[in-house]
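Trainee: Everything below, folded, please.
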Amino acid sequence: MRAIRIYLPNESILYFADQAHVPYGSRAVEEVQEFSKEISRFLLDNGAKIIVVACNTASAAALQLLRQTFPEVLFVGMEPAVKPAAEQTKTGVVGVLATPATFQGALYASVVERFATDVTLIQDSCPGLVKQIEQGDLTGKKTRRILESVLHPMLKQGIDTIVLGCTHYPFVIPLIQNIVGPNIRVIDPAPAVARQVARLLDSAGKQRVDLQAGYLHFFTSGDTAQFKAILPSLLGDKGDIQKAYWGRGALQIE
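Mentor: Prediction:
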């Protein structure tokens, strides 16, 4: 969302945070698919003209299904940035941080097969990191311990590039960089996703052409007070926040 705000400042954004169900990474594929379909339907009902599946786990589990279910809708998914990492690494060793579901998915396997056969990938799911970030703890001792326990062994094996395969993890890039040092490249996929959103909107003739700044409207299935408290540190922006309820598989708002 931050990158889209930079590339497309005139576009309005509907942001859905499914905090009632995070983390997705440990959930069954079928469950993530159902969440993703209902959230997409909810966003479309509220006027979305393009949907960014800003979750690697949901992209791996549901992106193909979403495009089949809503064939007239533009979708942008997340793909672990293994290709640029494989192209840029000098040591031939790349660290990949992602959820278990992403590592086990066909999308990740396809990316590795196409672009990373000549490099060594060291993978870790960083257990507990998503929870820390959801709590707004981006620099605390526990968050640092989680990252150090993952990154120090990777450094010993010679990584020079780190791929962030979970959309929570860019929030702790400063801490990651502090741990690994300035000579290790950390790849954030967000700018590439924002550029793809701009390309698709432009090609479809749907990009907003007036110069009025777009608005932000947040929905959360979790606690609105908690969401409001962590919003400045995570997203650095303000907007209307509305509670969304899951009821019998469908989403409703107050």
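Trainee: helix/strand/coil for residue 242?
Mentor: Secondary structure assignment for residue 242 (DSSP: H, G, I helix; E, B strand; the rest coil): strand.
Trainee: just checking, it touches residue 218?
Mentor: Yes: contact criterion C-beta atoms under 8 Å: residue 242 and residue 218 qualify, at 7.0 Å. For glycine as for every other residue, the C-beta is placed from the backbone atoms N, C-alpha and C.
Trainee: Who has more neighbours out of these two?
Mentor: residue 218 (22 against 13; other C-beta atoms under 10 Å).
Trainee: A helix includes the more buried one, no?
Mentor: No: counting by three-state DSSP, residue 218 is located in no helix; its state is strand.
Trainee: mind checking how far the residue nearest the centre of the chain is from residue 123?
Mentor: The structure's the chain has its C-alpha centroid closest to residue 167; by C-alpha atoms, centre = their mean the separation is 2.5 Å. The gap separating residue 167 from residue 123 is 17 Å, by C-beta to C-beta, to the nearest Å.
Trainee: Repeat that for residue 28.
Mentor: For residue 28, the distance to residue 123 (C-beta to C-beta) stands at 21 Å.
Trainee: Quick check, residue 164 in contact with residue 188.
Mentor: Yes: counting by C-beta under 8 Å, residue 164 sits close enough to residue 188 to count as a contact (6.0 Å).
Trainee: any common contacting residues for the two?
Mentor: Applying C-beta atoms under 8 Å, 6 or more residues apart in numbering, one finds that residue 164 and residue 188 are jointly contacted by 170, 173.
Trainee: Tell me which of the two has more neighbours.
Mentor: residue 164 (24 against 16).
Trainee: So which elements touch the helix or strand containing that one?
Mentor: Applying DSSP states H and E as the criterion places residue 164 in strand 161-165. Using 3 or more C-beta pairs under 8 Å, 6 or more residues apart in numbering; DSSP states H and E as the contact criterion, the neighbours of strand 161-165 among helices and strands are helix 82-88, strand 93-98, helix 173-180, strand 185-187.
Trainee: need those in TSV with mean pLDDT, mean neighbour count and distance to residue 53, can you?
Mentor: What follows is the helices and strands packed on strand 161-165, written out as TSV (pLDDT from 0 to 100; neighbours: other C-beta atoms under 10 Å; distance: least, C-beta to C-beta, whole Å):
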stretch	mean pLDDT	mean neighbour count	distance to residue 53
helix 82-88	94	18	18
strand 93-98	96	25	15
helix 173-180	97	16	21
strand 185-187	96	20	19
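Trainee: Serialize these to JSON lines and add fields for distance to residue 230.
Mentor: As requested, the helices and strands packed on strand 161-165 are exported to JSON lines (distance: least, C-beta to C-beta, whole Å):
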{"stretch": "helix 82-88", "distance to residue 230": "29"}
{"stretch": "strand 93-98", "distance to residue 230": "21"}
{"stretch": "helix 173-180", "distance to residue 230": "16"}
{"stretch": "strand 185-187", "distance to residue 230": "22"}
